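*Asks:* need a structure here:
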Amino acid sequence: MEQLALIIGLLFATVVAVGLGDRLRLPYPVLMLLLAAGLTFIPGFPDLRISPELILPIFLPPLLFATAQRSSWSVFRIRWRTIILLAVALVVLSTAVVAGAAWLMIPSIGIPAAIALGAMVAPPDPVAVESVAGRVHMPRRLITVLQSEGLFNDAAAIVVFQAAVASAVGGTNIGGGVVLKFAIGAAVAVLVGILMGWLTGLITRLVTSMVARSAVTLVVPFAAYILAEEVHASGVIAVVVTALEMKRHSRPQDAAERITRTAFWDVVELLVTGLAFGLVGLEIRQVIAEEGSAIFGMVGLAVVVCVLVFAVRFGWLALMAVLGRMRDGDLPPTSFKDVVILTWCGMRGLATLALALALPVTLADGTDFPARHEIIVIACAVLLATLVLPGLTLPWLMRVLKAADDGTEERAAAKVLAARAQAAAVAALKETELMRQLPPERVAVVKEKMRRLHAELLDGTNKNESAAQMRERGRELAITVQTIALDAARQEIVAARNEPDTDPEVADRVLRQLDLRTMMMPD
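*Replies:* Model (predicted):
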């Protein structure tokens, strides 16, 4: 009961942190982390312990799913080079540099354990980035890069970490099979995601309850993650692909379901994010308590690794910017401002904590895992340095660089989509061929009302009909015509969302307005 009360308390604190963050213009995940860490200094504060093996399966699926729903396949088709360079190459480079530094600085750590440390601190957290960047009016092109990177880098880091730990525990060398394992795991995960996306679509078509259809989307991320892990594939990639497939097959007529599902997932994402970062704060405080005064002897090592993490990311992004200019590329980073902002937003989070806590205590022969205490302390230090410091200073940095977006580009993109929706609606009313795409009963109603109205206006029939009856029939006709127009407009925006030049989030906002208009129409 004590731990249940603590979880409820963290959920309530999340709501408070959101309100406080809005007033202070600070990201609520950072406030939750600091609040949770501070609470543990209270004497007698209860300890919340979650098995390291459960941290990723509990928190990653819903948070990755929520973030991936705001993207689309077209984004990844455009940015595949950026994703490979950041989500894979940069993770490998960061792992190698940190591992080399740890091997030089920490006696008897061994190469496998050093690589495990590097893999822990390599992947930025997409949830932290999403929560922080969205509050400082960061340009959408940069947020998209961070989202795309964060959705896949955990997969590469987890594979490297698992291979390094297995090598350390078993006393074997890490071979080139890691690359093959990652490639096969990624391919299988894509298939699992496509299968789960198709299965979810089938279920939602068979289930009539709107609440049940929304509830299915909460189960699906966990199912995709667990299924992928069971077949030794990447659960992270499977969840992301599932979300992208579900969005790709979204139907224009599901207006009410989209409204319900969006509201549902906004609440889920907020509470799970707050709980996750509250847990991070509790665990960091626990690490400090367990290490005691010995932690001061590790400060120097931690500082060096933190500096290396920032430096490697900055150097890699700067190289990408130079190469992009040489190729006349228009994808970020394209300037020094982009490089600085993307470097500062390389925030570590849940994956770093979970991997650190998942580190084995002993090796296969019963001896202690090499430098386990140092590895955990360094990982937590990197998490704090890359999350708290940038999270609290990013608004200031955006002002200094004058890089904040005033929303002009988003408004322009929204206007283009709105114009397309309006054109589609007008065309639907003009082109009678589109009437064949409507259900037969609606076509019959519209044709009958059109015929009667035309007869009244031209031939003067039904002159004895009361004015009230004529107004009612005119109202019904107006509703029917508006329904046709909204159907065509939603169809246009759903199709536009999957186009390469369309920002998925902007399309979702326009589609939401059309859905709300549809919901407000009388039956």
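
*Asks:* can you list the domains in this protein?
*Replies:* Using automatic domain parsing, the domain parsing of the chain gives 2-250+259-404, 410-520.

*Asks:* Just send those back as TSV, with mean pLDDT too.
*Replies:* Listed next are the domains of the chain as TSV, based on pLDDT from 0 to 100:
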stretch	mean pLDDT
domain 2-250+259-404	86
domain 410-520	70
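
*Asks:* Deepest in the core, which of those is it.
*Replies:* domain 2-250+259-404 (a mean of 19; mean count of other CB atoms under 10 Å). For the C-beta atoms, the positions are set from N, CA and C on the backbone; glycine is no exception.

*Asks:* ok now that domain, how far from the chain's centre?
*Replies:* On the basis of CA atoms, centre = their mean, to the nearest Å, domain 2-250+259-404 sits 10 Å off its chain's mean C-alpha point.

*Asks:* ok, now stretch 502-510?
*Replies:* The answer for stretch 502-510 is 15 Å, by CA atoms, centre = their mean.

*Asks:* mind checking the end-to-end distance for stretch 489-506?
*Replies:* One end of stretch 489-506 sits 15 Å from the other (CA to CA, to the nearest Å).

*Asks:* Tell me which residues are up against that stretch.
*Replies:* Contact partners of stretch 489-506, identified using CB atoms under 8 Å, 6 or more residues apart in numbering, comprise 70-75, 77-78, 140, 144, 247-248, 250-253, 255, 410, 413-414, 417, 420-425, 507-508, 510-511, 514-515, 518.

*Asks:* Any idea how far stretch 256-266 is from the middle of the chain?
*Replies:* On CA atoms, centre = their mean, the centre of stretch 256-266 falls 16 Å from the chain's centre.

*Asks:* Would you mind writing the CA trace of that stretch as PDB?
*Replies:* Output of stretch 256-266 as PDB, limited to C-alpha atoms (Å, rounded to 0.1, in the frame of the first residue of the first chain):
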ATOM      1  CA  ALA A 256     -15.100  11.000 -33.300                       C
ATOM      2  CA  GLU A 257     -12.600   8.300 -32.700                       C
ATOM      3  CA  ARG A 258      -9.700  10.600 -33.400                       C
ATOM      4  CA  ILE A 259     -11.000  13.200 -31.000                       C
ATOM      5  CA  THR A 260     -11.400  10.600 -28.300                       C
ATOM      6  CA  ARG A 261      -8.100   8.900 -28.900                       C
ATOM      7  CA  THR A 262      -6.200  12.200 -29.000                       C
ATOM      8  CA  ALA A 263      -7.600  13.300 -25.600                       C
ATOM      9  CA  PHE A 264      -7.000   9.800 -24.200                       C
ATOM     10  CA  TRP A 265      -3.300   9.800 -25.300                       C
ATOM     11  CA  ASP A 266      -2.700  13.300 -24.100                       C
END
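
*Asks:* neighbouring contacts of it?
*Replies:* Stretch 256-266 is touched from outside by 66, 69, 204, 210-211, 213-214, 217-218, 250, 511-512, 515-516, 518-519, with contacts defined as CB under 8 Å, 6+ apart.

*Asks:* Keep only those of those residues that are in helices.
*Replies:* 66, 204, 210-211, 213-214, 217-218, 511-512, 515-516, 518-519 (DSSP state H).

*Asks:* Closest to Ile84 out of these?
*Replies:* Closest approach between those and Ile84, by CB to CB: Ala66, at 23.9 Å.

*Asks:* Against Val267, how distant is the closest one?
*Replies:* For Ala66, the distance to Val267 equals 11 Å [CB to CB, to the nearest Å].

*Asks:* Thr217 now?
*Replies:* From Thr217 to Val267 the distance is 13 Å (CB to CB).

*Asks:* Over to Thr362: give its phi and psi.
*Replies:* Here is the backbone geometry of Thr362 (degrees, to the nearest 10): phi -130, psi 170.

*Asks:* no no, Gln69
*Replies:* The phi/psi pair for Gln69 (degrees, to the nearest 10) is phi -60, psi -20.

*Asks:* just the helices in the stretch 251-400 of the chain please.
*Replies:* 255-291, 299-326, 336-344, 350-357, 372-401 (DSSP state H, counting those that start in this stretch).

*Asks:* Any chance of a markdown table for those, columns distance to Arg25?
*Replies:* A markdown table is the format used below for those (distance: least, CB to CB, whole Å):
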| stretch | distance to Arg25 |
| --- | --- |
| helix 255-291 | 17 |
| helix 299-326 | 24 |
| helix 336-344 | 16 |
| helix 350-357 | 24 |
| helix 372-401 | 6 |
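
*Asks:* Show me the one of these that comes nearest Arg23.
*Replies:* Per CB to CB, nearest to Arg23 of the helices of the stretch 251-400 of the chain: helix 372-401, 13.1 Å.

*Asks:* Quick check: which helices or strands does the closest one pack against?
*Replies:* helix 28-39, helix 111-121, helix 126-133, helix 255-291, helix 299-326, helix 336-344, helix 350-357 (3 or more CB pairs under 8 Å, 6 or more residues apart in numbering; DSSP states H and E).

*Asks:* Downstream of that helix, the next helix or strand is which one?
*Replies:* helix 408-430 (DSSP states H and E).

*Asks:* Just the C-alpha atoms of that next one, please, in PDB.
*Replies:* The C-alpha coordinates for helix 408-430 follow below in PDB (Å, rounded to 0.1, in the frame of the first residue of the first chain):
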ATOM      1  CA  THR A 408       5.100  31.800 -39.100                       C
ATOM      2  CA  GLU A 409       6.100  28.700 -41.000                       C
ATOM      3  CA  GLU A 410       3.500  26.500 -39.200                       C
ATOM      4  CA  ARG A 411       0.700  29.000 -39.900                       C
ATOM      5  CA  ALA A 412       1.700  29.200 -43.500                       C
ATOM      6  CA  ALA A 413       1.700  25.400 -43.700                       C
ATOM      7  CA  ALA A 414      -1.700  25.300 -42.000                       C
ATOM      8  CA  LYS A 415      -3.100  27.800 -44.500                       C
ATOM      9  CA  VAL A 416      -1.900  25.700 -47.400                       C
ATOM     10  CA  LEU A 417      -3.600  22.600 -46.000                       C
ATOM     11  CA  ALA A 418      -6.800  24.600 -45.100                       C
ATOM     12  CA  ALA A 419      -6.900  25.900 -48.700                       C
ATOM     13  CA  ARG A 420      -6.600  22.300 -50.000                       C
ATOM     14  CA  ALA A 421      -9.300  21.200 -47.700                       C
ATOM     15  CA  GLN A 422     -11.600  24.000 -48.900                       C
ATOM     16  CA  ALA A 423     -10.900  23.200 -52.500                       C
ATOM     17  CA  ALA A 424     -11.700  19.600 -52.000                       C
ATOM     18  CA  ALA A 425     -14.900  20.400 -50.300                       C
ATOM     19  CA  VAL A 426     -16.000  22.700 -53.100                       C
ATOM     20  CA  ALA A 427     -15.100  20.100 -55.700                       C
ATOM     21  CA  ALA A 428     -17.100  17.500 -53.800                       C
ATOM     22  CA  LEU A 429     -20.200  19.700 -54.000                       C
ATOM     23  CA  LYS A 430     -19.600  20.400 -57.700                       C
END
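
*Asks:* Contacts for it, please.
*Replies:* Against helix 408-430 from outside (CB under 8 Å, 6+ apart): 139-140, 434, 481, 484-493, 496, 502-503, 506-507, 509-510, 514.

*Asks:* try 10 Å
*Replies:* With CB atoms under 10 Å, 6 or more residues apart in numbering as the test, helix 408-430 has contacts from 137, 139-141, 407, 434-435, 437-438, 481-482, 484-493, 495-497, 501-503, 505-507, 509-511, 513-514.

*Asks:* Inside helices: which ones of those?
*Replies:* Among the contacts of helix 408-430, the members falling in helices (DSSP H) are 140-141, 481-482, 484-493, 495-497, 505-507, 509-511, 513-514.

*Asks:* Find the centremost residue of the chain, please.
*Replies:* When CA atoms, centre = their mean is applied to the chain, the residue found nearest the centroid is Thr67 (1.9 Å).
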